[in-house]
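*Asks:* Below are the sequence and a predicted model; questions follow.
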Amino acid sequence: MMLLSMLSVMPAVFDRIPWIVNLYFESVWGLIFGAYLGPLVLGFLLLGLKSLLTKSWDRWFTIGCVAFACASAFVMFFVKTSAWESVANVLSRGP
């Protein structure tokens, strides 16, 4: 779970590496997952590596990676709506 929480804060890091952003920016995957694509790929690569090394499948880590992918796709969908503009305006007003 700590690995998944670390991956959830990594999109900002991956978006600051121009050659990584250029790989997915205008692709379908970039539209669906946006900045979360880099950490998702890393997470699934680590899942595959762990499965190869231990010769067993980590069900909970797989469920976490899939949930992270679904949440990332939802976030990328939500930030393009007018509902997000309303939330962002309320948050930017301050107390």
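*Replies:* Arrived safely. Residues are numbered from 1 along each chain as shown.
*Asks:* just checking, what packs against the lowest-mean-pLDDT helix or strand in the chain?
*Replies:* Scoring the helices and strands of the chain by mean pLDDT, DSSP states H and E places helix 18-24 at the bottom, with a mean of 80. Packing partners of helix 18-24 (3 or more CB pairs under 8 Å, 6 or more residues apart in numbering; DSSP states H and E): helix 11-15, helix 37-54. C-beta coordinates here come from the backbone N, C-alpha and C atoms, glycine included.
*Asks:* Flag whichever of those has the least confidence on average.
*Replies:* Note on those: helix 11-15 shows the lowest mean pLDDT, a mean of 83.
*Asks:* What residues sit buried inside that helix?
*Replies:* Going by neighbour count (16 or more other CB atoms under 10 Å), the buried part of helix 11-15 is P11, F14, D15.
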